[in-house]
Structure formats: C-alpha cells, structure tokens
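[1] model the structure of this input:
(one chain, ligands or ions: 1)
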Amino acid sequence: MAVENYLVESPDWLALNEHHQEMAQCHLSDLFRQNPNRGTDLSLEVGDWYLDYSKNLITRRTLALLVKLAEALGLAGRIEQMFAGQRINITENRSVLHVALRASEDQEILVDGLNVVPAVHQVLSQMRAFSRRVRSGDWFGITGKPIRRVVNIGIGGSDLGPAMAYEALKSFSDRRLTVNFVSNIDSTHLAEVLRVADPEETLFVVCSKTFTTQETLTNARSARAWLVDALGSVGAVKHHFVAVSTNAEEVTKFGIDTANMFGFWDWVGGRYSYESAVGLALMVAIGPERFDELLEGSRLMDVHFRTAPLERNMPVLMGLIGLWYNNFFNAESIAVLPYSQALGRFPAYLQQLDMESNGKSVDLKGRAIDDYQTGPIVWGEPGTNGQHAFYQLIHQGTTMIPCDFIGFAQATDPLGEHHDLLMSNFFAQPEAMAFGKSEVEVRADGVKEAQVEHRIMHGYHTTNSLLARKLTPSSLGQLVALYEHKVFVQGAIWNINSFDQWGVELGKVLAKRIVPELTSEELPDLGHDSSTNALISRYRKLKA
Ligand code: F6P
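    So this is what the prediction gives:
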C-alpha cells in the first residue's frame, strides 16, 4: 500500500535522514575494515553482469532503510503496473510498454483489452525481411545497384539509441555496409555524409515517432532533394527512402510508400524505443539474429526486475543507491564511465534516458517539488580518455560525483596487451576513488612539505563497478534494460511521471516563431526581451 503522506515527511525518509548523519562521517576504508568480505557480500550477478556495489557509503542498515522506503511507496506495485500495460504516463494517458518490445511471442500484454505482443512480432518480421533483403543485396536502388550505405535520419530517441547500439555492436556488423546517423539540423551533419555517399547505393531511413520533428524533417527533405537531383527522378524516392514512424499520414505526405513504413505505437516512449522499428538501421547492420539476441538480453533483465525481491534486484539497488546520494548527500550528478570505446555513445544515450525521464519538478498529484532533488545530471566519457581530462575533479574536487564503471573481461578487438592495460585502469580508478592516499602515505613517499596537502586524496568517492565477460548484443540489451529500470525506480520513488517531456516543448515553439524574424527581407518588429532582440539583430547583420 502506498503511503499517503508526502515523501520527505514519511517516517522512512526521516529515518534515512537520521541515518545519513551517521553515514556522512563514515569512510569507505572503515567499512571495508569492519567486514573483510564486503567486496563480495555487496555484489550481485544477473545474466552476464556482475555488479559490485561495495564501494558505496552504505551498510546493510542503509539498504534495509532504502528498501523499506521503496516498499512503503509501493514500488513492487508500480513495477507491476508498468508490465501490465496500465496507463502510468498520466499526462499523456499512455501505457509505458518498452518491455513489450522484447516480449516473447507467447506472452500476453494487454492494452485496453488488446494483446499488443502479436503486433510487435509482426513488425519485427517485417524488419527482418527488409534487413535480409538489404544485407543480401536484394534491395535495389532505382538504377539497379544494391544498397551499400544506410543513413538513419532522426533525433533524440530516434537517433541516440540505435546510434549508441550500432557503435557498441559494430564488431557484429556487416562491414560491406556503411551506416550513418544524421541528427543535427546543422547542415554540416548531413553534408558530411552526402559528400561521401553514392546516391545510387544509399538508403535513407527517416526515423521519427511523430514525423513532425523539425530537425528530422528538414534533414529528410534535404536528403530527398539531393537524391532526386542526383538521380534525376522523383521516382527514386520510393527506392531510397523508408520510414519508421507512428504517423502514416505524414509519412505518405512526405512521399514514402507506407508499404515501406515500419510502425510502432504511442506506448513506446522515444527514449525507450531503440528495440522497436527505431532500431531498423541497427538490425540492417548487425542482422536479425543478433538483434534477437539483443531483445533476449533485455528480456532477461525485465524478468529479473519484475520477479527478484527488491533487496536482490539490480535495477532497484542501483536506483536506491543513486537516490541515497542524490537526496541525502545532495550529489547533483553521476558519471557513467564505460571502459569500452565501443560504448562511447552510451553516456550520451543515458543522458536522454535519465534526464528527459526524471528531469521533473512536479509530482504525480501536480504538486511542485521543492524539497527534494529529482533526476541527476548524467555525464561521462569512455575510459581511459576521461582519466586524462576530468577525473581530477572527481578525485580531488569539492563535489561528490558517484560513478558507474562499466567494463568487460574480453576485448571487442583484441590487440596485444591493450585490454589488460585498459582494465588495470578500470580496477585502479575505483580503488583510488574509494581509499585515496592518506597524509601518512604521502609523507612516506618523501613528498616535500609544501606539497603534502596537495597530494592527499581523501578517498570517499563512491562507485559501482559493472563487469561482464564481453560486449555482445545480449549483454548490451541487459545493460540498457538495467538502466531503463533504474530510471523507473527513481521516478517511482520521487513520484514523478518519467514518461513525458513537456519541458522540451517551449523552446520548439519559440524557435518556430523566430524563423521568419531571421529570414524576412525587412527587419520585423522583434517583440522579445532586449537580449534576444539584440542577438537577432546582430545575427541578421552578420549573415548579410
Ligand atoms: O524533443 C524531444 C523529443 O520529443 C524526444 O522525446 C524524442 O525522442 C525526440 O524529440 C524525437 O522525436 P520524434 O521521434 O517524434 O522525431
């Protein structure tokens, strides 16, 4: 039963507050000294992933209090509501069913009494057939040449997910095909791709849930103009363009045959959509069998999330530990640090997943949230690059930044001793962050007196380490689902709607209003604030 009283006044929250006073004085070295088995006691294995959460400022009591809070707020029931297809996206009156995208064919998930799983598998079959044709050279451009380049045009959830997964799984891709992802309305993004593309062998996948997004439609129109100009026929469009969307009407208006449209549904949020038809370019690259392994990986994590007890549930634990720092230590950001070049786009992908989901300041009852933090700032870069850039601030800055380290036992591209060297850093950094270097140790190194203070590292910096054997479609599916569900857990506790994104609308509306003010012959009356007026006037002068 969910408690009625407001979050920060609930007895469980108050108990955590009190417990925090005690834990804030605690050092990770003490916790490890008190329990020599802590490193394995606070660990959990799910599928391919081993989570070591021992280097966190937590004790068994912390976890018990956090789990009690989650229980009191009815977390298990909230999880069940999502899996059961209830309309938990209340501001848009929609179900939230990315889990249905990876449901097995015999599962039944009802939305308004209708089982959505057959439709999911019907689209997957359509995607498989299409991918096989492109991969085997059986999909021809208008001049009869097979496709050699696939360009996904989309933005946000229609770009970040498939782009991240393509980079991650490139080693499983058909290298005869080049796959590009164009998102930015800055013409350089598209121009750089078109510069090297052969129109006769290029296929565009216009990917947009709404098919009204300014960036995507502008890029798609420019790509269409380039193609028609190069091949001398409007008829080329149907051979070189396919669409991924929920909006058949707009797809038709654009000139793409709906026979070449891959659909999905309003119950798939953009940032949760890379395993829907939004993953079409990815499937073309890695093939349907590998795509199926990705889905299986996600399903494994879904089953775990739905069935494991809260205290042994990986997304729940990661969500609660994150919340512990966010709400009780006031940590404002988290760093996600993959020790994998192939996961280079993972932090960017997570930024949308987490920040668009939980960047909210109104709760489900419409009350302003002004007494607790919600979604953290998410950032990161692959290791070891970040070590030579921003880790200094994590080690010795004044801000608390909990970090997630992600690594693999086997290299994606084995080469000499690269991987052991990479992973030595993966193990060394959390160790340095947790235990630091004491004054005694610094002095023992014979450091000059004037430098002693500067060289001390207090430790205290908390980390999760996620380790798997290898980056594969399945382990990637598990990893992404882990973070999807972690975000769900936090949103549920904060009592916010993690599935809408009204905040991005205002900027879009204002930009639309400004377009004519930039393009008109005469300077119109600019009715903005004095700063925006001056900037627009200067832009007009400079561009002339
Ligand atoms: O502007 C934000 C957003 O609505 C995201 O939520 C979404 O992923 C992205 O734009 C792209 O939307 P669409 O797939 O409809 O083009």
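
[2] around the ligand, pick out the residues from the stretch 201-350 of the chain.
    By the rule CB under 6 Å from any ligand atom, the part of the stretch 201-350 of the chain lying against the ligand is 208-210, 213, 216, 270-271. Where you see a C-beta, it was placed from the backbone N, CA and C, and this is true even at glycine.

[3] got these as JSON lines, with secondary structure, neighbour count and pLDDT columns?
    Converted to JSON lines, those look like this (DSSP: H, G, I helix; E, B strand; the rest coil; neighbours: other CB atoms under 10 Å; pLDDT from 0 to 100):
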{"residue": "Ser208", "secondary structure": "coil", "neighbour count": "28", "pLDDT": "96"}
{"residue": "Lys209", "secondary structure": "coil", "neighbour count": "25", "pLDDT": "94"}
{"residue": "Thr210", "secondary structure": "coil", "neighbour count": "14", "pLDDT": "94"}
{"residue": "Thr213", "secondary structure": "coil", "neighbour count": "21", "pLDDT": "95"}
{"residue": "Thr216", "secondary structure": "helix", "neighbour count": "26", "pLDDT": "98"}
{"residue": "Gly270", "secondary structure": "helix", "neighbour count": "24", "pLDDT": "97"}
{"residue": "Arg271", "secondary structure": "helix", "neighbour count": "26", "pLDDT": "98"}
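
[4] which residues touch Phe405?
    337, 339, 383, 426, 429-430, 463-466 (CB atoms under 8 Å, 6 or more residues apart in numbering).

[5] which one (most neighbours) among those residues?
    Leu337 (31 neighbours; other CB atoms under 10 Å).

[6] now it, what's its secondary structure?
    Here Leu337 is strand, with the state taken from DSSP: H, G, I helix; E, B strand; the rest coil.

[7] doesn't Gly407 make contact with it?
    No: counting by CB atoms under 8 Å, Leu337 sits too far from Gly407 to count as a contact (9.0 Å).

[8] before we move on, the earlier item: identify the farthest-apart pair in the residues of the stretch 201-350 of the chain next to the ligand.
    Thr216 and Arg271 (15.1 Å; CB to CB).

[9] quick one: contacts of the strand or helix carrying Ala281?
    Per DSSP states H and E: Ala281 is located in helix 280-286. Helix 280-286 is contacted from outside by 127-128, 130-131, 134-135, 150, 152, 162, 165-166, 169-170, 172-174, 177, 179, 181, 205, 207, 242, 244, 262, 274, 291, 473, using CB under 8 Å, 6+ apart.

[10] can you give me how far that helix is from the chain middle?
    Mean C-alpha position of helix 280-286 versus that of the full chain (CA atoms, centre = their mean, to the nearest Å) differs by 18 Å.

[11] just the buried residues of that helix, please?
    Neighbour counts over helix 280-286 (16 or more other CB atoms under 10 Å) mark 280-286 as buried.

[12] one step back: which among the contacts of helix 280-286 end up buried?
    127-128, 130-131, 134-135, 150, 152, 162, 165-166, 169, 172-173, 177, 179, 181, 205, 207, 242, 244, 262, 274, 291, 473.

[13] where's Leu51, which helix or strand?
    Per DSSP H and E: strand 49-52 holds Leu51.

[14] show me what that strand is packed against.
    If contacts are counted by 3 or more CB pairs under 8 Å, 6 or more residues apart in numbering; DSSP states H and E, strand 49-52 sits against strand 43-46, helix 314-328, strand 463-468, helix 473-494.

[15] give me the common contacts of Leu337 and Gly407.
    Residues touching both Leu337 and Gly407 by CB under 8 Å, 6+ apart: Gly383.

[16] rewinding a little: so which of the contacts of helix 280-286 belong to helices?
    127-128, 130-131, 134-135, 162, 165-166, 291, 473 (DSSP state H).

[17] possible to save these as JSON lines with pLDDT?
    Shown next, in JSON lines, are the ones in helices among the contacts of helix 280-286 (pLDDT from 0 to 100):
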{"residue": "Met127", "pLDDT": "98"}
{"residue": "Arg128", "pLDDT": "98"}
{"residue": "Phe130", "pLDDT": "98"}
{"residue": "Ser131", "pLDDT": "98"}
{"residue": "Val134", "pLDDT": "98"}
{"residue": "Arg135", "pLDDT": "98"}
{"residue": "Pro162", "pLDDT": "98"}
{"residue": "Ala165", "pLDDT": "98"}
{"residue": "Tyr166", "pLDDT": "98"}
{"residue": "Phe291", "pLDDT": "98"}
{"residue": "Pro473", "pLDDT": "98"}
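
[18] need those in a markdown table with distance to Thr399, can you?
    Shown next, in a markdown table, are those (distance: CB to CB, whole Å):
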| residue | distance to Thr399 |
| --- | --- |
| Met127 | 44 |
| Arg128 | 47 |
| Phe130 | 48 |
| Ser131 | 45 |
| Val134 | 47 |
| Arg135 | 47 |
| Pro162 | 33 |
| Ala165 | 31 |
| Tyr166 | 33 |
| Phe291 | 40 |
| Pro473 | 36 |
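
[19] ok, so of the residues you listed, who is nearest the ligand?
    Pro162 (11.4 Å; CB to the nearest ligand atom).

[20] host element of Leu535?
    helix 530-543.

[21] oh, that last question was meant for Arg195, not what I typed.
    helix 187-196.

[22] put the alpha carbons of that helix into PDB.
    Taking Å, rounded to 0.1, in the frame of the first residue of the first chain, the C-alpha atoms of helix 187-196 are listed here in PDB:
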ATOM      1  CA  SER A 187      23.600  21.200 -42.300                       C
ATOM      2  CA  THR A 188      27.200  20.100 -41.700                       C
ATOM      3  CA  HIS A 189      26.000  16.800 -40.200                       C
ATOM      4  CA  LEU A 190      24.100  15.800 -43.300                       C
ATOM      5  CA  ALA A 191      26.500  17.500 -45.700                       C
ATOM      6  CA  GLU A 192      29.500  15.400 -44.400                       C
ATOM      7  CA  VAL A 193      27.500  12.200 -45.100                       C
ATOM      8  CA  LEU A 194      26.300  13.300 -48.500                       C
ATOM      9  CA  ARG A 195      29.800  14.300 -49.500                       C
ATOM     10  CA  VAL A 196      30.900  10.700 -49.400                       C
END
